[in-house]
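Engineer: Structure, please.
(one chain, ligands or ions: 1)
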Amino acid sequence: MSDDLSTRLIHHAYKPPEGFEAVAPGVHKASTVFFPNVQALRTTDWKDKSGYTYGLHGTPTTFTLEERIATIEGGHHCVLAPSGLAAVSLVDMALLRQGEEVLIPHNAYGPGKSFASVELAAWGITHRYFDAMDPADLARKIGPATRLVWLEAPGSVTLEFPDIPALVECVRQANAARQSARPIVTALDNTWGAGIAFQPFDLGVDISVQALTKYPSGGADVLMGSVVTRDLTLHRQVLLTHMRLGLNIGVNDAELVLRGLSSMQLRYHAQDASTRELAAWMGQQPGVVQVLHPALPGSPGHDTWRRDATAAACLFSAVFDATIPQARIDAFCDRLCLFKLGWSWAGPISLCAPYDIGPSRTQGWPHAGGLVRFAVGLESVHDLRADLAQALVALNT
Ligand SMILES: *Cc1c(COP(=O)(O)O)cnc(C)c1O
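Structural biologist: Numbering: from 1, shown residues only. Below you'll find the model as predicted:
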């Protein structure tokens, strides 16, 4: 061994004892991983998780997280992306080719629509919106170029709960009639369900995407996404596009999500209970014409939610009377103390944000009044209700 300190510091003789086992999985960081010999360098395969070749292609930490996310959703394979939105656009890029078409629910997550209307359009891939609450509308819109159908349960912000089995059945029938080598694939944005409210593959979808940013992280401090599949061919297609794009997630972020997973089920159900209580209460307040939450009778898709789901996430939206000017709705939001103004959800702190639904909808939206979406955190539900009550004064004066 060299006498030069710079070499000795790096090639040091000490090896820690083997057998360190603890509750948390180890955090392994690497761009480079060593191969024992040239033969191994040439033949090691990372795609089936039988070996390690490069940090970008998996570490023990990211493989562990992938396996756990796949298990929670009842799938077999998982690919991790740097954000939920990156997971959505990864699926688009992996599956769609020039001349093909993607169908998107009218109430889907907005930035995913933007990717279709700008990047996909520029690459010669068309998109159309369908009414997620009307399977006949999807059946009508499936055409010879359709290759991918997005689903989301419930819709973003407006929270209509669709009949996923019926929508999947439309696609299955179109595939049976078409007998193409490139069948239509269904991809569900399952961020809301998180693998807890329902099992996405039992409802028939081919791909389940999540923003791990939300429940799996739980801390409002990580951005990450996942693409889970049961079918190996589909998984490989997503995995290889992911590889060619060079998408990576930081292992410290993977560690945070692994840490969040242990409490996810408890958090989901606790936030569910608080949210239902606040949503029901909000529906009785003057100036509120409707509260949107799949577990509330009268909310769009409530019966389907009861049939297909056993829990609900921490979101509800309040639609206000059309006579209440937006300025007073804004004043209500500004007056809230425990509810912070912010995007995202499923973290410890409650959030709210006013939305203008009209322009983002291609199909009819029945309300003329303003809408505020609430994301309920882990605070005492009693305190949250008091906060809403004191802020509502701004709405009605
Ligand atoms: C938040 C969210 C996303 C995007 O996740 P990011 O990690 O913030 O990019 C996608 N879909 C749904 C339904 C979401 O709520």
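Engineer: Quick one: residues contacting the single nearest residue of the stretch 1-150 of the chain relative to the ligand.
Structural biologist: Checking the stretch 1-150 of the chain residue by residue against the ligand with Cβ to the nearest ligand atom singles out residue 84 as nearest, at 2.2 Å. For glycine as for every other residue, the C-beta is placed from the backbone atoms N, C-alpha and C. Applying Cβ atoms under 8 Å, 6 or more residues apart in numbering, we find residue 84 in contact with 109, 191, 209-214, 223-225.
Engineer: go on, residue 51?
Structural biologist: 40, 44-45 are the contacts of residue 51 under Cβ under 8 Å, 6+ apart.
Engineer: restrict those residues to contacts with the ligand.
Structural biologist: For the ligand, no contacts are drawn from the contacts of residue 51 by Cβ under 6 Å from any ligand atom.
Engineer: who wins for neighbours among those residues?
Structural biologist: Within the contacts of residue 51, most neighbours by other Cβ atoms under 10 Å means residue 44, with 16 neighbours.
Engineer: Next one: that one from residue 38, what distance?
Structural biologist: The span separating residue 44 from residue 38 equals 11 Å under the rule Cβ to Cβ, to the nearest Å.
Engineer: want to throw the contacts of residue 51 into a markdown table with pLDDT and secondary structure?
Structural biologist: As requested, the contacts of residue 51 are arranged in a markdown table below (pLDDT from 0 to 100; DSSP: H, G, I helix; E, B strand; the rest coil):
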| residue | pLDDT | secondary structure |
| --- | --- | --- |
| 40 | 97 | helix |
| 44 | 96 | coil |
| 45 | 95 | coil |
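Engineer: quick one, helices of the stretch 251-397 of the chain?
Structural biologist: Per DSSP state H, counting those that start in this stretch, the stretch 251-397 of the chain carries helices over the ranges 251-261, 264-282, 302-308, 326-335, 381-395.
Engineer: One more: the stretch 51-200 of the chain?
Structural biologist: According to DSSP H, counting those that start in this stretch, the stretch 51-200 of the chain carries its helices in the segments 60-72, 84-95, 110-115, 121-122, 135-141, 164-178.
Engineer: Off-centre distance for the second one?
Structural biologist: On the basis of Cα atoms, centre = their mean, to the nearest Å, helix 84-95 sits 11 Å off its chain's mean C-alpha point.
Engineer: now stretch 233-247
Structural biologist: Using Cα atoms, centre = their mean, we find the averaged C-alpha position of stretch 233-247 to lie 18 Å away from the chain's own average C-alpha position.
Engineer: Mind exporting the C-alpha coordinates of that stretch to CSV?
Structural biologist: These are the backbone C-alpha positions of stretch 233-247, laid out as CSV (Å, rounded to 0.1, in the frame of the first residue of the first chain):
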residue,chain,number,x,y,z
THR,A,233,-43.5,-6.5,-20.8
LEU,A,234,-45.2,-3.2,-19.9
HIS,A,235,-42.8,-2.8,-17.0
ARG,A,236,-39.8,-3.3,-19.2
GLN,A,237,-41.1,-0.7,-21.6
VAL,A,238,-41.4,1.9,-18.9
LEU,A,239,-38.1,0.8,-17.3
LEU,A,240,-36.1,1.2,-20.5
THR,A,241,-37.6,4.6,-21.4
HIS,A,242,-36.8,5.6,-17.8
MET,A,243,-33.2,4.4,-18.3
ARG,A,244,-32.8,6.2,-21.6
LEU,A,245,-34.2,9.4,-20.1
GLY,A,246,-31.6,9.1,-17.2
LEU,A,247,-34.3,9.7,-14.6
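Engineer: is that stretch anywhere near the ligand?
Structural biologist: No. Stretch 233-247 does not reach the ligand (Cβ under 6 Å from any ligand atom); its nearest approach is 12.8 Å.
Engineer: Kindly report the same for stretch 193-211.
Structural biologist: Yes. Among the residues of stretch 193-211, residue 211 lie within reach of the ligand under Cβ under 6 Å from any ligand atom.
Engineer: Tell me which entries of the contacts of residue 84 lie within strands.
Structural biologist: When strands are assigned by DSSP state E, the members of those inside them are 209-211, 225.
Engineer: per-residue pLDDT, residue 180?
Structural biologist: Among the per-residue scores, residue 180 holds a pLDDT of 74.
Engineer: Could you number the chain from 95 rather than 1 from now on?
Structural biologist: Noted, 95 is the first residue going forward, which turns the last one into residue 274.
Engineer: Quick one: neighbours of it, just the number.
Structural biologist: So residue 274, with other Cβ under 10 Å, has 11 neighbours.
Engineer: Name all residues that make contact with it.
Structural biologist: Residue 274 makes contact with no residue, according to Cβ under 8 Å, 6+ apart.
Engineer: what do you get if the cut-off is 10 Å, keeping everything else the same?
Structural biologist: 238, 241, 268 (Cβ atoms under 10 Å, 6 or more residues apart in numbering).
Engineer: which other residues reach stretch 474-485?
Structural biologist: With Cβ under 10 Å, 6+ apart as the criterion, stretch 474-485 contacts 364-365, 367-372, 375-376, 379, 412, 425-433, 444, 446, 468, 470-471, 473.
Engineer: how's this structure carved up into domains?
Structural biologist: Per automatic domain parsing, the domain ranges recorded for the chain read 132-352, 358-489.
Engineer: What is the burial count for the closest residue to residue 241 other than its chain neighbours?
Structural biologist: The shortest distance from residue 241 to any non-neighbouring residue, by Cβ to Cβ, 6 or more residues apart in numbering, is to residue 194 (4.1 Å). Other residues within reach of residue 194 by the criterion other Cβ under 10 Å amount to 20.
Engineer: which ones are touching residue 194?
Structural biologist: When the contact criterion is Cβ under 10 Å, 6+ apart, the partners of residue 194 are 214, 217-221, 238-242, 276, 278.
Engineer: What subset of the contacts of stretch 474-485 is buried?
Structural biologist: Neighbour-count burial (16 or more other Cβ atoms under 10 Å) applied to those gives 364-365, 368-370, 372, 375-376, 412, 426-427, 429-430, 432-433, 444, 446, 468, 470-471.
Engineer: So residue 181 sits against residue 285, correct?
Structural biologist: Yes. Using Cβ atoms under 10 Å, residue 181 is in contact with residue 285, at 9.4 Å.
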